[in-house]
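In: Predicted coordinates and the sequence they were generated for:
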Amino acid sequence: MKKRILPLLILTALSLLMAACKPDLAAIQPTAIPTLTTSTEAAESAAEESPEDASLGWWNDAVFYEIFVRSFKDSDGDGIGDFRGIIEMLDYLNDGDPNTTSDLGITGIWLMPIFPSPSYHGYDVTDYKAVNPDYGTLQDFQDLLEACHERGIRVIVDFVINHTSSEHPWFVSSKNEASEYRSWYVWSDTKLTQTGPWGQNAWYESGGSFYYAPFWSGMPDLNYKEPKVTEAMYDATKFWLDMGVDGFRVDAARYLVEEGATLQDAQGSIEWFQNWREYYTGINPEAYTVGEVWTDTQVIAKYGEPTRGMQEYFMFDLAGDILGGLFAPDPSRIMASYLETLQYFPDQQFATFLTNHDQQRVASFFSGKLDRQKLAAFVYLTGPGTPFIYYGEEIGMTGNKPDEWLRTPMQWSAEAHAGFSSAAPWEPLNDGWEEHNVAVQDSDPESLLNWYRGLVGLRNRYPALQKGDYIPFTSSCRRLYTVARVLEGEVLLTVANLGVQSLENCTIGLEGSDLAGTWQTEAVWGTAPFDEISFADDGSLTDFLVAQSLAGGETFVLKLTRP
């Protein structure tokens, strides 16, 4: 067990101090700053209870990129993105040469649903061992896997196992009461009064009987109390792992098993994923899974009790706090949210993001303000966890509900159809594509695209940014975000003025740490405002002047080395 640089009891005091000056952000995100009480010993004990979780996998070094295949790149002129289109654009994502800076530098791809489906989005599957013909053939997909792996890019695919399409042969057969598939779904002879997890109607009639489908009638829930359902999903798991995929993103994981009135986060769901992990790691010990458990952090933590199921889960509270803490600039909100996440996941096995395919895009959330988008990227790409970038966020694509408008074609250029296709795309482009596209931003050193390229490259170069300890500092300036990332002998100090106005004579402080002594500084991002920094014998720091002036939105990262 590696030694913690800053005891969590000290972090507790820091978070309480930050919370005292927290403004009212209820209109932005009604999540209170948590009170942290976990000690260093408690954190280490939690990690020791699950030794397999304490070991770090390849995903801890990765930066993922989420792709909606239908909207990324069309290779055959039918207006629909496909596997061959992704292959064409792989050099944009990662050209395979770590010495170049013209690519985005991502090392992982999450493909949204690629299985056959009657819907544009693919979240209602009709076959778990085939690919959507709109996207190409199974050979096309295998070619994509090979091309990604040649560049050092891992590929995970969306695994929609809570429900199927109402057109899946299993469900069609289950409508017959005598079918062997009847028990694969939840059927009732009468329409029950029990509602779904959100108080919605969840029962639909077919042939005089009623089936449970909390998402909508076209997505009947699978019944995991039937062992054959698990067998079928294990079979699909093996099929894709044998083909070479590196893992899965699991959709709607918290709704897998219903236990009476408990329709989400049931113990049966937690145990299913624990058993599934044992199965898929038996096929590929390096397989990675990340779960969508869209709820509070403390509830997500239950999926690790007593042992963890999937390797990681997306942190929705943290994403909201990063965006909210930038909308109304408040570093304390962001720092405290990271601390809460680390309280529940001290081994840093969690996934971070800003928004995804179900949420308002970052550019729209910030009304197109470039400085806010850049700061959001800075905060989470220099923070703990495995980061995921939603396609197009790096060029400032806009998008608001409905969902189709969040998943519009990628904006490659100002040419017809934004360079996505030679034909009219399946969904119209969002506004602003003529300016917010790859071609326009590619050669602009100040563009959002090159900002993302720089940050991903920075994270790839320094392991401390990938998995180092997270040590927040106090500051005399309320809008100054200052955090040290420390991994063994590597120390990086990340600093950002989250406000729009300049900050004058900002000082920072730290109660105690393992950073005792004097350190020289080297700017690896931005400009170094000081040449060295000295901590007291106990690793504390008092009223250290960061800079006489920091412009609004200014950021820098300093590498600290012993003289």
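Out: The structure has been received and is ready for your questions.
In: C-alpha only now, for contacts and for neighbours.
Out: Will do.
In: Any stretches of the stretch 251-400 of the chain with poor pLDDT?
Out: For the stretch 251-400 of the chain, no stretch has pLDDT under 70.
In: need the strands for it, in chain order.
Out: 288-291, 312-313, 351-352, 386-390 (DSSP state E, counting those that start in this stretch).
In: Which neighbouring elements make contact with the last one?
Out: Packing partners of strand 386-390 (3 or more CA pairs under 8 Å, 6 or more residues apart in numbering; DSSP states H and E): strand 64-67, strand 351-352.
In: Can you add mean neighbour count and distance to residue 364 and give those back as CSV?
Out: Listed next are those as CSV, based on neighbours: other CA atoms under 10 Å; distance: least, CA to CA, whole Å:
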stretch, mean neighbour count, distance to residue 364
strand 64-67, 22, 18
strand 351-352, 24, 19
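In: Quick one: closest of the ones you listed to residue 230.
Out: strand 351-352 (25.7 Å; CA to CA).
In: still on that earlier bit, so which of the strands of the stretch 251-400 of the chain is the most packed in?
Out: The highest average neighbour count among the strands of the stretch 251-400 of the chain, using mean count of other CA atoms under 10 Å, belongs to strand 312-313 at a mean of 26.
In: now residue 407: how far from residue 421?
Out: 15 Å (CA to CA, to the nearest Å).
In: Look at these two and report which has more neighbours.
Out: Using other CA atoms under 10 Å, the more surrounded residue of residue 407 and residue 421 is residue 407, with 31 against 26.
In: Skip the chain neighbours and tell me the closest residue to that one.
Out: residue 357 (6.3 Å; CA to CA, 6 or more residues apart in numbering).
In: Report the contact partners of the one you found.
Out: 390, 403, 406, 407 (CA atoms under 8 Å, 6 or more residues apart in numbering).
In: farthest pair in those residues?
Out: 390 and 403 (14.0 Å).
In: Break this structure down into its domains, please.
Out: 169-212, 473-563 (automatic domain parsing).
In: pLDDT of the first one, averaged?
Out: Model confidence over domain 169-212 averages 97 on the pLDDT scale.
In: buried sites along stretch 189-208?
Out: For stretch 189-208, the neighbour count (16 or more other CA atoms under 10 Å) marks 191, 196, 197, 201, 202, 203, 204 as buried.
In: Then stretch 391-402?
Out: Neighbour-count burial for stretch 391-402 [16+ other CA under 10 Å]: 391, 392, 393, 394, 395, 396, 397, 398, 399, 400.
In: Can you report how many residues neighbour the nearest residue to residue 377 once chain neighbours are set aside?
Out: Leaving aside its sequence neighbours, residue 377 sits nearest to residue 452 (CA to CA, 6+ apart; 7.0 Å). By other CA under 10 Å, 22 other residues sit near residue 452.
In: for the stretch 51-200 of the chain, what spans make up the strands?
Out: For the stretch 51-200 of the chain, the strands defined by DSSP E, counting those that start in this stretch cover 64-67, 108-111, 154-159, 187-188.
In: can you check the stretch 451-563 of the chain too?
Out: In the stretch 451-563 of the chain, the strands defined using DSSP E, counting those that start in this stretch lie at 469-472, 474-475, 480-487, 490-497, 503-510, 517-525, 532-535, 541-550, 555-561.
In: Redo the ones you listed as a markdown table? Include distance to residue 213, mean pLDDT and mean neighbour count.
Out: Shown next, in a markdown table, are those (distance: least, CA to CA, whole Å; pLDDT from 0 to 100; neighbours: other CA atoms under 10 Å):
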| stretch | distance to residue 213 | mean pLDDT | mean neighbour count |
| --- | --- | --- | --- |
| strand 469-472 | 42 | 98 | 24 |
| strand 474-475 | 49 | 98 | 23 |
| strand 480-487 | 45 | 98 | 24 |
| strand 490-497 | 46 | 98 | 22 |
| strand 503-510 | 52 | 98 | 18 |
| strand 517-525 | 50 | 98 | 17 |
| strand 532-535 | 59 | 98 | 17 |
| strand 541-550 | 54 | 97 | 16 |
| strand 555-561 | 48 | 98 | 21 |
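In: okay but residue 388 is in contact with residue 350, surely?
Out: No: assessed by CA atoms under 8 Å, residue 388 is found out of contact with residue 350, at 10.9 Å.
In: between the contacts of residue 357, which is closest to residue 78?
Out: residue 407 (17.4 Å).
In: Touching, that closest one and residue 67? I think so.
Out: No: between residue 407 and residue 67 there is no contact, the gap being 9.4 Å when judged by CA under 8 Å.
In: Among the strands of the stretch 51-200 of the chain, show me which one is buried the most.
Out: Burial of the strands of the stretch 51-200 of the chain is given as mean neighbour count (mean count of other CA under 10 Å); strand 154-159 ranks first at a mean of 24.
In: Can you list the helices and strands that that one packs against?
Out: Packing partners of strand 154-159 (3+ CA pairs under 8 Å, 6+ apart): strand 108-111, helix 138-150, strand 247-250.
In: pLDDT (mean, whole number) over the longest one?
Out: I take that to be helix 138-150. On average, helix 138-150 scores 98.
In: when you give positions from now on, start the count at 42
Out: In the new numbering, first residue 42, that becomes helix 179-191.
In: Buried ones in that helix, by neighbour count?
Out: Those would be 179, 181, 182, 185, 186, 187, 188, 189, 190, for helix 179-191 by 16+ other CA under 10 Å.
In: May I see these arranged in TSV, with distance to residue 561 as well?
Out: As requested, the buried residues of helix 179-191 are exported to TSV (distance: CA to CA, whole Å):
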residue	distance to residue 561
179	54
181	51
182	49
185	45
186	44
187	44
188	42
189	39
190	39
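In: Nearest to residue 371 among the residues you listed?
Out: Among those, and counting by CA to CA, the member closest to residue 371 is residue 189, at 39.0 Å.
In: residues touching the closest one, list them.
Out: 131, 195, 196.
In: related to what we said a few turns ago, nearest to residue 503, out of the strands of the stretch 492-604 of the chain?
Out: Of all the strands of the stretch 492-604 of the chain, strand 531-538 comes closest under CA to CA, at 8.1 Å.
In: Let's have the helices and strands packed on strand 195-200 in CSV, adding distance to residue 347.
Out: Converted to CSV, the helices and strands packed on strand 195-200 look like this (distance: least, CA to CA, whole Å):
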stretch, distance to residue 347
strand 149-152, 28
helix 179-191, 34
strand 288-291, 20
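In: Check what pLDDT residue 97 gets.
Out: Per-residue confidence (pLDDT) for residue 97: 82.
In: for stretch 541-555, the distance to its chain's centre please.
Out: 29 Å (CA atoms, centre = their mean, to the nearest Å).
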